[in-house]
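K.L.:
could you work out the structure for the sequence below:
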Amino acid sequence: MKPTIVRTIVELRKEIASFRHSRPLGEASVGFVPTMGYLHEGHASLLRRSSQENGLTVLSIFVNPIQFGPNEDLDKYPRDEEKDVALAASCGVDLVFLPSVQEMYPQSRVTTVTVSEVTERLCGASRPGHFDGVATVVAKLLNIVQPDRAYFGLKDAQQVAVVTRMAQDLNIPTEIVPCPIVREEDGLALSSRNVYLNAQEREQALSLSLALAKVPEWIAEGVGAAELSELLKREMSRSPLANVEYADALTYPDLLPPDADVPLRSIDGFVLVALAVRFGNTRLIDNRLLNPMEAGVETCSAK
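P.N.:
This next block holds a predicted model:
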């Protein structure tokens, strides 16, 4: 069944209110998946989960200008509304919210949501202002939709940490649901930006997942965060086109660096091992989220 498309906040709120009023309390849950569109199987996995767990699923598609830096790819960010709506329909989405920039930011913006500390490293260090833009638009969308659950992919684990902390700190009554990374058959993490890679870059981009696959073994051998970072960079250097932006191991979800030489396997809690690598003009991220005390057991539900 084709989802209902709405383009204004008033329309969206009316549709959601109508749904809630028409259902018994226990059947009126709303699930929400915020995206920037150009959907792929990673997004589809979030949408299907929401459809399974909620009576109504809302998808938003909005390329948020305030989370892009001055030299980033806002203008060329891929868009395909027709394809996105078709995928949404196949995943059981009920409402697709397609606002314009004017609808989301109708006047000069004087309010910004800033989440400190968890934004200081990884992508936050190399993309100043990025997470202010993310936190601001997600806060707006959660206020607009007022969902019971919102679903985010762990490919951007830092974003999940930022949004989760924001919701906690601001008492936003939405459960933030982290969902596992979805990969191509050869291991490359799905991303809307993968379309930018040429054939040679696409082949060498596999080095991210191949390097991360060795992390549990290295942790079991007793490496610390500093040595793990160097091992990752050494692995990435085997790909001539790879330009490593960061290769870090941080505690999760607070995203703090552990003592550099303390064996990661001694950490009681979750460790995020994250990479950001450029291939030409295309920036890719990938990660492994592990519990070292459980022999490197991978998890997709850390909060």
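K.L.:
and the spatially most central residue of the chain, what does it touch?
P.N.:
Nearest to the geometric centre of the chain sits Asp156, at 3.6 Å (Cα atoms, centre = their mean). Each residue near Asp156 by Cβ atoms under 8 Å, 6 or more residues apart in numbering is listed here: 123, 285. All C-beta spots, glycine's among them, are computed from the backbone N, C-alpha and C.
K.L.:
in three-state terms, label it for me.
P.N.:
Following DSSP: H, G, I helix; E, B strand; the rest coil, Asp156 is assigned to helix.
K.L.:
model confidence for it, exactly?
P.N.:
pLDDT recorded at Asp156 is 97.
K.L.:
cool, and Glu294?
P.N.:
So, for Glu294, pLDDT stands at 68.
K.L.:
likewise Asp261?
P.N.:
On the pLDDT scale, Asp261 gets 85.
K.L.:
repeat that for the one 5 residues further on.
P.N.:
Looking at Ser266, its pLDDT stands at 93.
K.L.:
over to it: give its phi and psi.
P.N.:
Phi and psi for Ser266, reported as degrees, to the nearest 10, are phi -90, psi 0.
K.L.:
residues contacting it?
P.N.:
Counting by Cβ under 8 Å, 6+ apart, Ser266 has contacts 292-293.
K.L.:
and if you look at Met36?
P.N.:
Met36 makes contacts with 61-64, 77, 192, as judged by Cβ under 8 Å, 6+ apart.
K.L.:
these in strands, which ones?
P.N.:
Residues of the contacts of Met36 located in strands (DSSP state E): Ile61.
K.L.:
quick one: which of the contacts of Met36 is most hemmed in?
P.N.:
Ile61 (23 neighbours; other Cβ atoms under 10 Å).
K.L.:
so where do the helices sit in the stretch 151-300 of the chain?
P.N.:
Taking DSSP state H, counting those that start in this stretch, the helices of the stretch 151-300 of the chain run over residues 157-169, 199-204, 207-213, 215-220, 225-236.
K.L.:
in the first one, which residues are buried?
P.N.:
By neighbour count, and taking 16 or more other Cβ atoms under 10 Å as the criterion, the buried residues in helix 157-169 are 157-167.
K.L.:
tabulate these (JSON lines), appending distance to Glu81.
P.N.:
JSON lines is the format used below for those (distance: Cβ to Cβ, whole Å):
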{"residue": "Ala157", "distance to Glu81": "28"}
{"residue": "Gln158", "distance to Glu81": "28"}
{"residue": "Gln159", "distance to Glu81": "23"}
{"residue": "Val160", "distance to Glu81": "26"}
{"residue": "Ala161", "distance to Glu81": "30"}
{"residue": "Val162", "distance to Glu81": "27"}
{"residue": "Val163", "distance to Glu81": "25"}
{"residue": "Thr164", "distance to Glu81": "29"}
{"residue": "Arg165", "distance to Glu81": "32"}
{"residue": "Met166", "distance to Glu81": "28"}
{"residue": "Ala167", "distance to Glu81": "28"}
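K.L.:
low pLDDT regions in the stretch 151-300 of the chain?
P.N.:
The model of the stretch 151-300 of the chain has pLDDT under 70 over residues 294-300.
K.L.:
what's the burial count for Arg109?
P.N.:
11.
K.L.:
ah, wrong one, I meant Ala17
P.N.:
With other Cβ under 10 Å as criterion, Ala17 counts 11.
K.L.:
helix/strand/coil for it?
P.N.:
Of the three states, Ala17 takes helix under three-state DSSP.
K.L.:
ends of stretch 76-83, what's the gap?
P.N.:
With Cα to Cα, to the nearest Å as the measure, the ends of stretch 76-83 fall 17 Å from one another.
K.L.:
show residues contacting that stretch.
P.N.:
So stretch 76-83 is contacted by 36-39, 61, 63, 68, 98, 192, 195 (Cβ under 8 Å, 6+ apart).
K.L.:
against Val10, how distant is the residue nearest to the centre of the chain?
P.N.:
Separation of Asp156 from Val10 (Cβ to Cβ, to the nearest Å) stands at 30 Å.
K.L.:
same check on Thr282?
P.N.:
The gap separating Thr282 from Val10 is 38 Å, by Cβ to Cβ.
K.L.:
what does Val85 give?
P.N.:
In this view, Val85 and Val10 are 21 Å apart by Cβ to Cβ.
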